[in-house]
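Asker: Everything below, folded, please.
(chains A and B)
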Number of protein chains: 2
Amino acid sequence: MNVQTRPPRQPLNGVDTPTLINTINFVAGQPDLAKFQFRASNEWLDGTHSRTTMRDFHGAGGEQAHVMTYSAEGDHPTVLCGGDRAPTPVEWLLHALATCLTAGIGNIAAARGVKLTKVRSFVEGDIDLRGILGISNDVRNGYRDIAIRFEIEGDAPREKLQQIVEQARARSAVFDVLSNGVPVSVSVAGK
Amino acid sequence: MNVQTRPPRQPLNGVDTPTLINTINFVAGQPDLAKFQFRASNEWLDGTHSRTTMRDFHGAGGEQAHVMTYSAEGDHPTVLCGGDRAPTPVEWLLHALATCLTAGIGNIAAARGVKLTKVRSFVEGDIDLRGILGISNDVRNGYRDIAIRFEIEGDAPREKLQQIVEQARARSAVFDVLSNGVPVSVSVAGK
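Answerer: Predicted coordinates for the structure are as follows:
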């Protein structure tokens, strides 16, 4: 045995680490497999209330489907004259951020052989609604800033756990999109 | 009666238009009421699977709470070695965009006296996963682009319906954040 060889990682934290690493190596050799398209379709229900369906996506060289069709709703809170039948759209952004970073933490900890016992996070987004209410053109519509704070515990020193969070941030799709923006086109289907 | 006076809008599309307009006018006179903070807390469950809770928020001059505590999960799909127990974080971004624009369409149509009969939208986001997989440093982690296409019907000419969608885009918090980005800070709680 070559003592320089790192032992293969075992499944950990609910992550099938060997398969994950094999997948990454396989995709590295066939970059087209990495081209994904995620999709959602939404239907207006009433007032500010709508429902989104998420089922199919493209990637890994073909059409894929979730194991089931997921749906979720959005609404405005009553204090903004909505029906509060679901979280607000801007809360869903915070949810996307937390789930993305946390998934990364799960994967990265497993790849580094760290057994996690707890990961919790708290996200806050500050927004001045004079933008969306059309009261001021000097106020942006969206969040002014977003902050997420993690509590993380596992069988590694605090510094190593912090490095895992940092690496999750450095490779987070949602963190990137929120931090750097992305071109978004809005169109209306013709008839 | 002054014929120059526009008649007050009646509730329409499930939107209490008079209350919405009164709210906007009230906030215009007391800008501090427009300062909101939305929040979410997330707990890692296993692997890439986590659950977010959304309940409290600040705004309208005080602490607010949803009519119920909302929760939602996120996970990676099986093709990315996740458990597919929920939509992916990047799909949640598409959901946030669709629900935000659609809520705006509901409000704006009501304010303009247009009765809507159908609003559907289809969102697509293209992403090259070589970024998040750490295969290439030249590929961004997040979406390269996002496109949302609306189908909208109501008792107004097509051009007026298109203008409602355009105004929803122009005042969408999520569209702004995704298009222009927002500062996001990530921290780890000390012990």
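
Asker: Tell me the bridge partners for the residue nearest to residue A:59 when sequence neighbours are not counted.
Answerer: Nearest residue to residue A:59 in three dimensions, chain neighbours excluded: residue A:36, at 3.5 Å (Cβ to Cβ, 6 or more residues apart in numbering or on different chains). For glycine as for every other residue, the C-beta is placed from the backbone atoms N, C-alpha and C. Beta bridges link residue A:36 to residue B:127 when assigned by DSSP bridges.

Asker: ok, is stretch A:63-73 in contact with chain B or not?
Answerer: Yes - contact between stretch A:63-73 and chain B, assessed by Cβ under 8 Å from any Cβ of the partner chain, occurs at A:64, A:66, A:67, A:70, A:72, A:73.

Asker: Checking the last one next. Helix, strand or coil?
Answerer: Classification of residue A:73 using DSSP: H, G, I helix; E, B strand; the rest coil returns strand.

Asker: Just the pLDDT at the closest residue to it other than its chain neighbours, thanks.
Answerer: Residue nearest to residue A:73 in three dimensions, not counting chain neighbours: residue A:86, with 3.6 Å by Cβ to Cβ, 6+ apart. On pLDDT, residue A:86 comes in at 98.

Asker: before we move on, what SS does residue A:86 have?
Answerer: Quick answer, by three-state DSSP: residue A:86 is coil.

Asker: That one and residue A:55, how far apart?
Answerer: Using Cβ to Cβ, to the nearest Å, residue A:86 is found at 19 Å from residue A:55.

Asker: So between the two, which is more surrounded?
Answerer: The residue with more neighbours, out of residue A:86 and residue A:55 and counting by other Cβ atoms under 10 Å in any protein chain shown, is residue A:86; that gives 27 against 16.

Asker: Can you point out the buried residues in the helix or strand containing residue A:121?
Answerer: Following DSSP states H and E, one finds residue A:121 within strand A:116-128. Neighbour-count burial for strand A:116-128 flags A:116, A:119, A:120, A:121, A:122, A:123, A:124, A:125, A:127, A:128 (criterion: 16 or more other Cβ atoms under 10 Å in any protein chain shown).

Asker: Check those against residue B:40 and report the nearest one.
Answerer: The shortest distance between residue B:40 and any of these, using Cβ to Cβ, involves residue A:123 and amounts to 4.7 Å.

Asker: my guess is the closest one meets residue A:98, correct?
Answerer: Yes - contact criterion Cβ atoms under 8 Å: residue A:123 and residue A:98 qualify, at 5.3 Å.
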